[in-house]
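# below is the sequence, then the predicted model.
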Amino acid sequence: MKNNWNKILNELSYRVSSGIPDLTNEQHLIKLWDILKEHNWSLDARVELLANLTNGIVFPKVFLNEGKREEATLNTSMFETAALIGTTGISTTSLENLLQSPAIFKTIKLAKKQDVEEFGRQCQEIEKLSKAALDTLKKGLSSAGDWQGTGVKIIQSLESPKWVQKELQFYENGLQTIATCAALVIGMREYMDKVVSIGSVKFIHQQIDTFYAAERSRGITRQGSKANVADAILSNVDAKTLISAVQNPSNEIVGDPSAGIVKVGDNITYYQVSLKKSLQGAQLGKFKKRLRQVYDLGISVGDAADLLKEDYDELENLILTEGFLDTIKNFATKTFLAIKSKVNGALKSLKGMFFKNFVNNKPIPNSAVQSILKGYTIKEELQINDDILTEGKMSDNTKAIINEIYKNPKPAYSNINKELGKLSAQLGGLKEEAYSKIKSGLSLSRIPKHKNDKVPGSTAILSLIANMGTIQMLMDMTRKSKSLKAIVSDLVTEMLFGETQMPVWKVYGKFSSGDVAYKYLGTSKSIQKRLTSDEIKVQLIGVSVHPIKTHYVITCYLLSEITKDNKKYYAKIRTGTNSSSNMTYNFEGQSVIGPFTIDTNLQTAVA
């Protein structure tokens, strides 16, 4: 036993941050409990030892639900399905009770046996509340509707948390996901109560693509590369009837911007809704953090925040397509400066090109790849379009290109720098309509290896190739300087509405009474009008380029709004690549900056 105990203490010293075990520290004792179990100590022996060390207190243990299950619960279809449960008329009392629990419960600092008993009581109550909430969610799914199978399956498979009294262990299981689903139901319920006025509501979700196709068949959509942004359709008739009515050319389809509804023929009405987890990532994050702190036995605030990172990244509230709307109050009653919008026929191909590139993980065009390969002796038949882009698997073609650049990176950097010079000259020629701050000159004779490289140097070289794709796209965009207003207007409208010309609503999860449950976006025509004023001379685009280690960071700024009182906002967009295997690039909306007076130059705004 003595040798065994020495090994245990040595192992404990490795696992505590100080390197010195403190048997009065509850965090150290929790780690000791795990080590004792690993050394095959029986439950009774572990309980007796820790009881002796803590004057009778045996510390509980919390098992957080992370790993593979967490990946499943991030399923978008599941969150959209949860929101649609809010249309079924179920009682939300049990859902509200669960969401109020972080404010009711308290974080317990375990110092005496009574604290452990109280901790267990709270865990049992959390178990009870979450089970009731999950039962309510499943009850909603039993209602008739156009349910999406994947979302239904995930919600039905969720497991509520469990407190095991015998071993003083709390298993979080699907608590966080159940709570998020509850918030989505409550947000939809508020939207239904305050906005929707069509009696018994039916919805389209599983057949949403069929609905999109019906819209297109009637010629009521705008041209663009992105489908209708609505995730679901709420109507006074079922999915089959609505789709059939939309397809019928004898039925007139009219959008009413003032009411945010669409009418089909004489008797059918529908609402288009885009479903989101929360208006701002902080709503979701703060709730999760509060709930976890109730049974926090060693999880720091920083650790909890790290666990939420994937959720934060998924939220769209800061993306160009929505972010600037967060700054507007009483959006539906606002009026904006607007005059005619003219899109030159010659710009159609340019606009289409820009929209197609505004997609995550878009393949780098051949022209950009060939530009970065100038000066290399590489087979002409190596074409990026010949690749099958499968994330995680790098093609032989891509490996060959990366190997050539890795062996001799100087020509690649020289090619990038030349293109940056051309971009700088083009932006400079736009004068009052553009801003640029381009610092070029990066050059390496040897590219360092990165731990995530699929082949030596691939991480840096794929970022460099993404730089070239972005530079050439910006050059194409800015070449037609006098029509930038129309391009920006169409871009923002495209990302907000996709191809639909009908009114669109956003419906969010509501985690607390102060959260926003829904927002009316209006119509694509209203957005276009307020973004296309030729009477106001204002910088429409900005480009900032600076080197970091192996490649360039390219940040774009696009005018996103001009308000009635002559204030303006800019969307800040980061460019780069998310792929570790393929030659792709993407655009990520980071934030919206403003308001600025109409005469504030962009250089001052972004300083």
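Right, received. Where do you want to start?
# export the helix or strand harbouring Leu184 as CSV, just CAs?
Per DSSP states H and E, Leu184 falls inside helix 175-194. Extracted in CSV, the C-alpha atoms of helix 175-194 (Å, rounded to 0.1, in the frame of the first residue of the first chain):
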residue,chain,number,x,y,z
LEU,A,175,-28.7,19.6,-21.0
GLN,A,176,-27.1,22.4,-23.0
THR,A,177,-28.9,21.3,-26.2
ILE,A,178,-32.2,20.9,-24.5
ALA,A,179,-32.0,24.4,-23.1
THR,A,180,-31.1,25.8,-26.5
CYS,A,181,-34.0,24.1,-28.1
ALA,A,182,-36.2,25.5,-25.4
ALA,A,183,-35.1,29.0,-26.2
LEU,A,184,-35.8,28.5,-29.8
VAL,A,185,-39.3,27.3,-29.1
ILE,A,186,-40.0,30.3,-26.9
GLY,A,187,-38.6,32.8,-29.5
MET,A,188,-40.9,31.3,-32.1
ARG,A,189,-43.9,31.4,-29.7
GLU,A,190,-43.4,35.1,-29.1
TYR,A,191,-43.1,35.7,-32.9
MET,A,192,-46.3,33.7,-33.4
ASP,A,193,-48.2,35.6,-30.7
LYS,A,194,-47.1,39.1,-31.7
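# mind checking the longest strand of the protein?
Identified as the longest strand of the chain according to DSSP state E is strand 584-597.
# strand partners (parallel or antiparallel) of that strand?
Neighbouring strands of strand 584-597 in its sheet, by DSSP bridges, are strand 362-363 (antiparallel), strand 567-576 (antiparallel).
# between those, which gets the lowest average pLDDT?
Here the lowest mean pLDDT among the strands paired with strand 584-597 goes to strand 362-363, at a mean of 70.
# which SSE is immediately downstream of that one?
Using DSSP H and E, the helix or strand that follows strand 362-363 in sequence is helix 366-372.
# list the contacts for Phe170?
Residues counted as contacts of Phe170 (Cβ atoms under 8 Å, 6 or more residues apart in numbering) are Pro60, Lys61, Val62, Phe63, Cys123, Pro161, Lys162, Trp163, Val164, Tyr295. To be clear about C-beta, it is placed using only N, CA and C from the backbone, and glycine gets the same treatment.
# so which of those belong to helices?
Among the contacts of Phe170, the members found in helices (DSSP state H) are Cys123.
# quick check: Ala412 touching Leu464?
Yes. At 6.2 Å, Ala412 counts as touching Leu464 under the criterion of Cβ atoms under 8 Å.
# which residues do the two both contact?
Shared contacts of Ala412 and Leu464, counting by Cβ under 8 Å, 6+ apart, come down to Ile372, Ile405.
# among the strands paired with strand 584-597, which is nearest Thr180?
For Thr180, the closest of those is strand 567-576, at 26.7 Å, according to Cβ to Cβ.
# now Asn10: how far from Ile20?
As for Asn10, its distance to Ile20 is 12 Å (criterion: Cβ to Cβ, to the nearest Å).
# any idea which element the residue nearest to Val16 when sequence neighbours are not counted lies in?
Leaving aside its sequence neighbours, Val16 sits nearest to His28 (Cβ to Cβ, 6 or more residues apart in numbering; 5.3 Å). According to DSSP H and E, His28 maps onto helix 26-38.
# in that helix, what's buried?
By neighbour count, with 16 or more other Cβ atoms under 10 Å as the criterion, the buried positions of helix 26-38 are His28, Leu29, Ile30, Lys31, Leu32, Trp33, Ile35, Leu36.
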